[in-house]
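A.B. asks: Sequence plus the predicted model coming up.
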Amino acid sequence: MEMEIDGASDSKPLETGDDKPKLVVVILIGAPGSGKSTFCEQVMASSSRPWSRVCQDIINNGKAGTKQQCVKSVMGSLSEGKSVFVDRCNMDREQRAEFVKLGGPQVEVHGVVLDFPANVCISRSVKRTGHEGNLQGGKAAAVVNRMMQKKELPKLSEGFSRIVFCHDDSDVQAAIKAYSSLGPSDTLRMGCFGQKHADAKIQLGIMKFLKKVEPSSEILGSNMDTAQESVCLANDEYKETNLNKELPQCSVGEDVGFTLAFPSISTADFQFDNEKAADIIVEKVEEFMSKLGNNRLVLVDLSYRSKILSLVRTKVASRNIDSKKFFTFVGDITKLYSAGGLYCNVIANAANWRLKPGGGGVNSAIFSAAGPALEYATKERAKSLQPGRAVAVPLPSDSPLFKRERVSHVIHVLGPNMNPQRPNCLNNDYGKGSKILREAYTALFECFVSIARNQEQSPVKISEALIAGSSTGPRRILNTDQKTKTDGDCASETSKKSKGSEDEMKGKDNVSCSYGQKVKQEGSISKHWGAWAQALYNIAMNPQSQKDQLLEVSDDVVVVNDLYPKAQRHILVLARYRGLDSLANVNQEHLNLLKTMHDVGLKWVQKFLGDDRSMTFRLGYHSDPSMRQLHLHVISQDFNSSHLKNKKHWNTFTTAFFRDSIDVIEEVRTKGKATVNDDDSKLLSMELRCHRCRSAHPNMPRLKRHINDFQGESQPTKEKQRRLCDLPDVPRLKSIFDYNS
DNA sequence: GTTCTAGAAC
DNA sequence: GTTCTAGAAC
């Protein structure tokens, strides 16, 4: 978010005419493999400003040189009127100091921090060939990790006039864009942008595991210092939320019931007139006052400049509305409790008819904040929604919105659409539109009231389906048995009127009026799982049933010993998300889960290494697993196990069928999904080859004999391995982290 | 995922 | 004869 301010539009010509255009020294800060050279190349390829790149790896006639040579070269370029990229790691303050000193009245010094996790940098460094610094292959990991230990994030107080932190590719692209479009007489805004406060987890994690050091207070300290300096626009927005000071304060002991936070329906992307919408909101709120009991409604919008909020505030004043039961609030609807201190049991979502994530705005924000759990829970309730209707979805307890914000339900509402770019546009017919918007708020408030009522009566039953119907109809609680009736009810005035366009937007999907219907799995992508394939799913959903093999349980994962270990150490980290059967189901929303699973796996690796330092491990997923429920294998590379019996066993762990966890994470981060090839199963019938030396073996017993030659000694030396196996001297760092180096 | 076993490979 | 694989059943 903060990166928006770093966009190209941010560059502006200097306003004073006599000022000579300033030169810029951009100090790149990042480990090998973080993308410094690529950054420079991309900017220089398209910039109208003269740039020079000073790279320590090649400064000495194409070979690596010294820092002093770099300083000299930067000064030379500046005197020629060129702005300069300082392309070296510059990881700590001392390394940067001499370049920062070059700043002055005519020269601005910027920092661009390419702050990627160590594993990403290692992976990139290992893969690349022909790198200028000759830092490819096995050396890379050691160097990256050493650098990471020295890492000291830059602060403005060092003398920078501008620092940009990049944490992912989109941050990098935004920064490249900003510098590419920086013309010879333009300047970029000063300040510190894009710094995350709690991003050190993975890096510290990996350093900790590699070097077995505690996260040093120095590193944490420097993070925090800089965080305080980086008071950015986002924080200004939060300051403005002090406008919420009219928030009714409830005295201790006062019985406040349930709170519904809702966005204005249809006024954003659906372009419904704000004035008309405000009238309808106020009208419907007033109507529901008497039905609310001690529960309350809160209209939420992101910005203190919100037109709809101010319209509603004005209109409410002249109505008979209790300000304790209805008020407006400025804030992010997905962070009302954590960032705004407003506890709301229920939030409404301005949904799309497909009830799917995406589309930007509130819908996108809520689905993304609630995690995949909301998507699955929604699918179980309804497949689509008609304009004017609402459907309540109980949030599973593993949803971050439930855990962090204490939201128990999300009510999806679909309002009328006036935007020709969106399906089912009403072409400015505000007769129809207003009617549908009234129905939408009625449905929403009815849903909320019935949730509140149900929770009061029976907290256990809140997972019952709650679906609000037409404006005048009574609240209905439906289940699948009532499907036929529901379909009948659906043919209400509203649905008849919108039927034509409804059919249009459904296209070939052949979706009948499924409102209120129990969902069937979409498409035929989902794989059939036999009864025997359910074991991991059962453990993930109900870990307490499995006391024997259980190693660890958290909200996100369960760790168990593999029942049939294929090596001396072989454990599984199970995801606890419902509906996440395998890599094929994984998407961008699971990125944090994948990282958590990896971190948990690494933690156990560290423990195992405490018992036997000679072990090596791989962490990864089977491309097409036999058992349902996403599970990360953490497996030692000895493969010394009586359970390892056949070719399939072997090939699932030693061919491309085994997808390294860090590769999967990187793939999901960049492409949004993990690629799963249809013909991956062919890999399982491939010839048997040693995972170390790649030698072929005629059958499993012979292969195992070959493999077990390593196990004769507790710590086979590299020499011994090489002799037995003709081991190449490049460890497979990207997956089997060499924890001993 | 494992177990079982027919029959191929040696 | 024994060893080993691969496919079916669960």
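C.D. replies: Everything's here; your move. Numbers count the residues shown, from 1 in each chain, chains lettered A, B, ... in the order given.
A.B. asks: so how far is the first residue of stretch A:305-324 from its last?
C.D. replies: Using Cα to Cα, to the nearest Å, one end of stretch A:305-324 lies 23 Å from the other.
A.B. asks: for the record, mean pLDDT for that stretch?
C.D. replies: Taken as a whole, stretch A:305-324 carries a mean pLDDT of 91.
A.B. asks: buried set for that stretch?
C.D. replies: By 16 or more other Cβ atoms under 10 Å, the buried positions in stretch A:305-324 come out as A:Ser306, A:Ile308, A:Leu309, A:Leu311, A:Val312, A:Arg313, A:Lys315, A:Val316, A:Ile321. (Each C-beta comes from the backbone N, C-alpha and C, glycine too.)
A.B. asks: what sits up against it?
C.D. replies: Stretch A:305-324 is contacted by residues A:246, A:248, A:250, A:264, A:267, A:274-275, A:277-279, A:281-282, A:285-286, A:289, A:296, A:299, A:301, A:326, A:328, A:330 when judged by Cβ atoms under 8 Å, 6 or more residues apart in numbering.
A.B. asks: Need the phi and psi values for the closest residue to DNA strand C within chain A.
C.D. replies: Using Cβ to the nearest atom of the strand, A:Asn699 is the residue of chain A that sits closest to DNA strand C, at 2.9 Å. Dihedral pair for A:Asn699: phi -150, psi 170, per degrees, to the nearest 10.
A.B. asks: Not including adjacent chain positions, what is the nearest residue to it?
C.D. replies: A:Leu688 (7.2 Å; Cβ to Cβ, 6 or more residues apart in numbering).
A.B. asks: a markdown table please, covering the buried residues of stretch A:305-324 and showing distance to DNA strand C and secondary structure.
C.D. replies: Below are the buried residues of stretch A:305-324 laid out as a markdown table (distance: Cβ to the nearest atom of the strand, whole Å; DSSP: H, G, I helix; E, B strand; the rest coil):
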| residue | distance to DNA strand C | secondary structure |
| --- | --- | --- |
| A:Ser306 | 58 | coil |
| A:Ile308 | 58 | helix |
| A:Leu309 | 59 | helix |
| A:Leu311 | 63 | helix |
| A:Val312 | 60 | helix |
| A:Arg313 | 64 | helix |
| A:Lys315 | 65 | helix |
| A:Val316 | 64 | helix |
| A:Ile321 | 63 | coil |
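A.B. asks: Same list, those residues, but as JSON lines with distance to A:Ser614 please.
C.D. replies: Shown next, in JSON lines, are the buried residues of stretch A:305-324 (distance: Cβ to Cβ, whole Å):
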{"residue": "A:Ser306", "distance to A:Ser614": "62"}
{"residue": "A:Ile308", "distance to A:Ser614": "65"}
{"residue": "A:Leu309", "distance to A:Ser614": "64"}
{"residue": "A:Leu311", "distance to A:Ser614": "70"}
{"residue": "A:Val312", "distance to A:Ser614": "68"}
{"residue": "A:Arg313", "distance to A:Ser614": "69"}
{"residue": "A:Lys315", "distance to A:Ser614": "74"}
{"residue": "A:Val316", "distance to A:Ser614": "71"}
{"residue": "A:Ile321", "distance to A:Ser614": "72"}
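A.B. asks: Of the residues you listed, which is the nearest to A:Asp556?
C.D. replies: A:Ser306 (34.9 Å; Cβ to Cβ).
A.B. asks: how far away is that closest one from A:Leu299?
C.D. replies: 9 Å (Cβ to Cβ, to the nearest Å).
A.B. asks: can you check A:Ile176 too?
C.D. replies: A:Ile176 is 40 Å from A:Leu299, by Cβ to Cβ.
A.B. asks: can you check A:Lys547 too?
C.D. replies: 49 Å.
A.B. asks: Those two - which one has more neighbours?
C.D. replies: A:Leu299 (24 against 7; other Cβ atoms under 10 Å).
A.B. asks: Surely the more buried one is in a strand?
C.D. replies: Yes. Counting by DSSP: H, G, I helix; E, B strand; the rest coil, A:Leu299 is located in a strand.
A.B. asks: Bridged to it, which residues?
C.D. replies: Judged by DSSP bridges, the bridge partners of A:Leu299 are A:Phe262, A:Thr328.
A.B. asks: In contact with it, which residues?
C.D. replies: Applying Cβ under 8 Å, 6+ apart, we find A:Leu299 in contact with A:Phe262, A:Pro263, A:Ser264, A:Ile281, A:Ile308, A:Leu309, A:Val312, A:Phe326, A:Phe327, A:Thr328, A:Phe329.
A.B. asks: Any idea how many residues pack against the third one?
C.D. replies: Just to be clear, that refers to A:Ser264. 27.
A.B. asks: Closest to A:His598 out of the buried residues of stretch A:305-324?
C.D. replies: A:Ser306 (40.2 Å).
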